[in-house]
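*Asks:* have a look; sequence and predicted model below, questions after that.
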Amino acid sequence: MHVLVCDDDPTMCELLTDILGGFGHHVVTAADAEGALVVLEGTAFDIILLDGKLPKMSGPTLAAQLGDSVPIVAVTGDRVSAREFRQLGIETIRKPFSVPELMAAIDVALGMEVLMCE
């Protein structure tokens with residue numbers, strides 16, 4: 001799976017890259033919405049993991065701009081952004097999250113049946 005992670009926190013980008021890379025997924029990162037839009041111009045992604053609070057343009061604003069062009073999972077610690085994402089119908093998880101929680105949210109966003117072993 002080809003994943004775009006958009007988060008202004010380099011540590012979060014590295015964490016998500018490590019987690020998803022461990023499952024065999026290819027990850028590209030962007031530190032802000034503008035960077036994400038540039039990357040999206042030339043590359044197709046299966047899903048975007050999107051932070052809520054980004055410089056210049058918020059995650060919910062970017063998600064609204066993208067519409068249904070690609071599935072999105074919001075990964076945010078901000079309650080206001082989480083509410084805005086949910087109002088857009090976007091699968092949302094709150095930071096801090098667990099790996100099973102992240103993978104389940106990705107499955108839901110992609111319309112897959114969620115199969116988690118606990």
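*Replies:* Arrived safely. Numbering: from 1, shown residues only.
*Asks:* ranges for the helices of this protein?
*Replies:* Ranges of helices within the chain are 10-22, 33-42, 59-66, 79-87, 99-109, based on DSSP state H.
*Asks:* so where is the protein shaky, pLDDT-wise?
*Replies:* The model of the chain has pLDDT under 70 over residues 113-118.
*Asks:* could you list everything the residue nearest in space to the middle of the chain pairs with in the sheet?
*Replies:* Residue closest to the mean C-alpha point of the chain, counted by C-alpha atoms, centre = their mean, is L49 at 1.0 Å. Beta-bridge pairing for L49 (DSSP bridges): V5, V73.
*Asks:* and it, what does it touch?
*Replies:* Counting by C-beta atoms under 8 Å, 6 or more residues apart in numbering, L49 makes contact with V3, L4, V5, C6, D7, L16, I72, V73, V75, I106. C-beta here means a position set from N, CA and C on the backbone, and glycine is covered the same way.
*Asks:* of all those, which comes closest to R94?
*Replies:* V75 (8.2 Å; C-beta to C-beta).
*Asks:* what about that closest one, how many neighbours?
*Replies:* V75 is flanked by 27 other residues according to other C-beta atoms under 10 Å.
*Asks:* before we move on, what about G21?
*Replies:* For G21, the neighbour count with other C-beta under 10 Å is 12.
*Asks:* that one and T29 touch, don't they?
*Replies:* No - with contacts counted by C-beta atoms under 8 Å, G21 stays clear of T29, the gap being 11.4 Å.
*Asks:* still on that earlier bit, can you list the contacts of L49 in a markdown table and add distance to K95?
*Replies:* Converted to a markdown table, these look like this (distance: C-beta to C-beta, whole Å):
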| residue | distance to K95 |
| --- | --- |
| V3 | 17 |
| L4 | 18 |
| V5 | 13 |
| C6 | 14 |
| D7 | 10 |
| L16 | 11 |
| I72 | 16 |
| V73 | 12 |
| V75 | 6 |
| I106 | 15 |
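*Asks:* among those residues, which ones are buried?
*Replies:* Taking 16 or more other C-beta atoms under 10 Å as the criterion, what is buried in the contacts of L49 is V3, L4, V5, C6, D7, L16, I72, V73, V75, I106.
*Asks:* residue contacts, A109?
*Replies:* I47, P71, I72, V73, I90, E91.
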